[in-house]
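Asker: quick check, what structure comes out for this input:
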Amino acid sequence: MTETILFWASTALLVAGAFFYAAGTLGLLRFPDVYCRLHALAKADNLGLGFVLLGLALQAPSIAAGLKLLLIWPLALAASGALSYAIARRADHLGVKPWRKEPS
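Answerer: Numbering: from 1, shown residues only. Alright, predicted model coming up:
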């Protein structure tokens, strides 16, 4: 009974993670400028990673392995924030202006 609940909870978390990864990828392809694309990737992909890691932690063979998986998330959050900041700052220094909707 417990194994079945863990299996379905893990599956739901992995599917939710895949959904957020897909949403981030769609934002990367559809949004008009570098700033909007960074926002989509930083938010959606970090949330997707969190769900995937939680789903994998439920399937881990030991508590230690599950905790090691969960430690990946804060490291990825910090790296993503720093990298997004660096990309946005470089785009600003190159004179890339944020997209503005044209008045109709």
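
Asker: quick one: distance of the helix or strand containing Arg90 to the chain centre.
Answerer: Secondary structure assignment for Arg90, by DSSP states H and E: helix 63-93. Counting by Cα atoms, centre = their mean, to the nearest Å, helix 63-93 is centred 9 Å from the centre of its parent chain.

Asker: against which helices or strands is that helix packed?
Answerer: helix 34-40, helix 46-59 (3 or more Cβ pairs under 8 Å, 6 or more residues apart in numbering; DSSP states H and E). For glycine as for every other residue, the C-beta is placed from the backbone atoms N, C-alpha and C.

Asker: elements contacting the helix or strand bottoming out on mean pLDDT in the chain?
Answerer: Among the helices and strands of the chain, helix 34-40 carries the lowest confidence by mean pLDDT, DSSP states H and E, at a mean of 88. When contacts are defined as 3+ Cβ pairs under 8 Å, 6+ apart, helix 34-40 packs onto helix 2-30, helix 63-93.

Asker: pull out the buried residues from the last one.
Answerer: In terms of neighbour count (16 or more other Cβ atoms under 10 Å), helix 63-93 has its buried residues at 66, 69, 73, 80, 84, 87-88, 91.
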